[in-house]
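1. Dropping the sequence and predicted coords here.
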Amino acid sequence: QVQLVESGGGLVLTGGSLRLSCALSGRALVNYAVAWFRRDPGKNVKFVAGVSGDGRDTAYEDSVDGRFTISRDNAGNTVFLQMNSLGPEDTAVYYCAARFFRGAPATWSGRSEYTSWGQGTQVTVSS
């Protein structure tokens, strides 16, 4: 089982940037793909971005593509989400989640595929 802990959330003005971190612990982390999801104030949970276990493959939801960048450190222990050009629509609780998968999944957005979740970190973008 993989444990995940998010950090880096906070309050930022429109147009600003934040970097979220997801610290992973457990065995054979290279075998786990990791994704960021977010729960908006309306309680909708949506896929944001994902990265494969070896860090080579990434995927993004259309609304964040070009503004957000997901990456993974060489050891595979930490996953980052660099968020630029933030707007009020990005306000949400951000969760990282892991699933056992070697390589890049064909689909990333299915929440039920992810077996481990962090506790979430709040991101608030003020206009």
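-> Right, received. Where do you want to start?

2. What confidence value was assigned to V64?
-> The score at V64 is 98. That number is its pLDDT.

3. got the contact list for the closest residue to it other than its chain neighbours?
-> Nearest non-adjacent residue to V64, counting by C-beta to C-beta, 6 or more residues apart in numbering: V48, 5.8 Å away. Every residue, glycine included, has its C-beta placed from N, CA and C. Residues in contact with V48 (C-beta atoms under 8 Å, 6 or more residues apart in numbering) are A35, W36, F37, R38, Y60, E61, V64, F68, L81, Y94.

4. among those, which two are most distant?
-> Using C-beta to C-beta, the two most remote members of those are Y60 and Y94, lying 14.1 Å apart.

5. Which one's more surrounded, the two?
-> Higher neighbour count among Y60 and Y94: Y94, with 23 against 18, using other C-beta atoms under 10 Å.

6. Can you give me every residue that contacts the more buried one?
-> Y94 makes contacts with E6, G9, L20, W36, F37, R38, V48, L81, G120, T121, Q122, V123, as judged by C-beta under 8 Å, 6+ apart.
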